[in-house]
Every structure is written in structure tokens, then in C-alpha cells.
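> here is a sequence with its predicted model. Questions after.
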Amino acid sequence: NAGVTQTPKFQVLKTGQSMTLQCAQDMNHNSMYWYRQDPGMGLRLIYYSASEGTTDKGEVPNGYNVSRLNKREFSLRLESAAPSQTSVYFCASSEFRGQGGEQYFGPGTRLTVT
Amino acid sequence: SQQGEEDPQALSIQEGENATMNCSYKTSINNLQWYRQNSGRGLVHLILIRSNEREKHSGRLRVTLDTSKKSSSLLITASRAADTASYFCATVSGANSKLTFGKGITLSVRP
């Protein structure tokens, strides 16, 4: 099993450009999550999906949109990138419906917005 | 907002020594989890302890939970250089089981 996979691994964008970060899991998990990690800030939840067809905002949703395409895939879109969105983005999944169970993380996407 | 606060922020020990990391939180919890993150990698779940549990073990890891003091500790016994990583506590609280990560502890184990 590959677990949680993310693409791309690295990305550089100019301010105002858009892009979609892809995430897929092969563990048949119900819930999926997008986090951002910034130095000294820990991980902050952007959006999550407790089941196929549902999405909910996390702590820092502004400037992002998500799509739970099917049970396996959960994408994160930046419509108009800003330098403040420079960060490392992690996707995670969990068998638990909601946020409370153990989560399995992907390797991350390092995004730089210039 | 951060629920779990880890202490110390950084810890450096010799291989073979024990490492103790602490996490304090403010509101009552459903469970508390510890994760490890190696440099440049994603987080790996280590252990989950429920609010009605006081201690759990997993290999060289021992986690305690004191709900009266709103604190948890992670003990790594007989540390190895491969234990060098950042360690995060994450608290789950509220009716919607919101999970919140702390800022992490950087552990360095010197060979």
C-alpha cells in the first residue's frame, strides 16, 4: 500500500497564479484533511472532509478551496496565490469520521509563492 | 488557536539516555495523540491515549496522561540516533472532536 500520496512535491508560483494540490489515499479511509505547516506555528487545519461528498472549514480556510472527488482523492486549490501561502502543505487521512482518530500523513508539498 | 503546548521546545541527549517530553493543554479532552516528524517528512502517528486512560506503552514509548493537571508526557527509553525528530502532541476536544496540534519539540539524540 502506498498510504497517502501527494503531488507535486515542490512548486514555485508567482503571486496571482492558481494551482491544485492533489492527494490520494489507498486505505479506504473515510476522512481526509489538508494542513499547512509554518515555522513556529505547528500544523493548522485548512479544510477537512469527514466523508465523501462533505467538506468543512478548518482553522485557516481563507484563500483555499477543496474538492472531495471520491473516497480516495481530496484536492486543495489556490485560486490566486499570495506570498502568505508559502508553506508546506500536508494531506492526511483517517478511518475515523471527523477529526478525532489517528491520522496518516502524506510526504508534503513545499510551496513557494514569489 | 493552539491547545497543546509542548515543553521543552528543544531537547538534546546522548544515545542510550531517556527522553521525556511534556504537553499541557487548557480545556478538557476526548483523547491526546503524539506524532513524530522526521526532517522533511510527513507526521507519523505514535500513540493515542483516551481521557479515561492514565498510561499507555508502545515499544520504547510510554505515554502518561494526568487530566487533573491537564498534562501528558511522552517518554522514549534507551534513545537512538534514529529518534532524532520533532515530536508533536495533538489534543482532541469538544463535541465535534476537533484536533489541534502543538508547536512541537525538537529532539536531537547524539551518537
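That came through fine. Residues are numbered from 1 along each chain as shown, chains lettered A, B, ... in the order given.

> how about the residues of chain B near chain A?
Contacts of chain B with chain A, taken as Cβ under 8 Å from any Cβ of the partner chain, map to B:1-2, B:30-31, B:33, B:40-45, B:48, B:88, B:92, B:96-99, B:101-104. All C-beta atoms are positioned from the backbone trio N, CA, C, and that covers glycine.

> filter those residues down to the buried ones and hand me the PyMOL line.
In PyMOL, a selection of the buried entries from these looks like this (16 or more other Cβ atoms under 10 Å in any protein chain shown):
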select buried, chain B and resi 2+30+31+33+42+43+45+48+88+92+97+98+99+101+102+103+104
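
> what about the residues of chain B next to chain A, which are in strands?
Using DSSP state E, the subset of the residues of chain B next to chain A located in strands is B:N31, B:Q33, B:L43, B:V44, B:H45, B:L48, B:F88, B:V92, B:K98, B:L99, B:F101.

> out of these, who's nearest B:T20?
Each of those was checked against B:T20 using Cβ to Cβ; the closest is B:F88, at 15.5 Å.

> in the sheet, who's paired with the closest one?
Beta-bridge partners for B:F88, by DSSP bridges, are B:Y35.

> give me every residue that touches it.
A:42-43, B:4, B:6, B:34-37, B:43, B:101-105 (Cβ atoms under 8 Å, 6 or more residues apart in numbering or on different chains).

> same thing with B:R41?
So B:R41 contacts A:P107, A:G108 (Cβ under 8 Å, 6+ apart).

> how about A:D38?
Counted by Cβ under 8 Å, 6+ apart, A:D38 has contacts A:R44, A:S87, A:V88.

> kindly recompute the last result at 7 Å.
A:S87 (Cβ atoms under 7 Å, 6 or more residues apart in numbering or on different chains).

> now B:S24
By Cβ under 7 Å, 6+ apart, the neighbours of B:S24 are B:E5, B:D7, B:K70, B:S71.

> would you mind checking the residues you listed for buried ones?
B:E5, B:K70, B:S71.

> where along chain A do the strands fall?
Counting by DSSP E, the strands of chain A are A:4-7, A:10-13, A:19-25, A:31-38, A:42-49, A:56-57, A:64-68, A:74-78, A:87-94, A:104-105, A:109-113.

> could you dump those into TSV and include mean pLDDT?
Converted to TSV, the strands of chain A look like this (pLDDT from 0 to 100):
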stretch	mean pLDDT
strand A:4-7	97
strand A:10-13	97
strand A:19-25	98
strand A:31-38	96
strand A:42-49	93
strand A:56-57	94
strand A:64-68	97
strand A:74-78	98
strand A:87-94	96
strand A:104-105	96
strand A:109-113	97
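
> quick one: name the residues of chain A near chain B.
Residues of chain A that fall close to chain B, judged by Cβ under 7 Å from any Cβ of the partner chain: A:40-43, A:90, A:98-100, A:102-108.

> most neighbours out of those, which is it?
A:Q103 (29 neighbours; other Cβ atoms under 10 Å in any protein chain shown).

> in terms of pLDDT, where does that residue sit?
Note on A:Q103: pLDDT of 94.

> nearest residue to it other than its sequence neighbours?
Counting by Cβ to Cβ, 6 or more residues apart in numbering or on different chains, A:Q103 lies nearest to A:A92, which is 4.2 Å off, once chain neighbours are set aside.

> what do you get for A:Y47?
A:V66 (4.3 Å).

> show me what that neighbour is bridged to.
A:L76.
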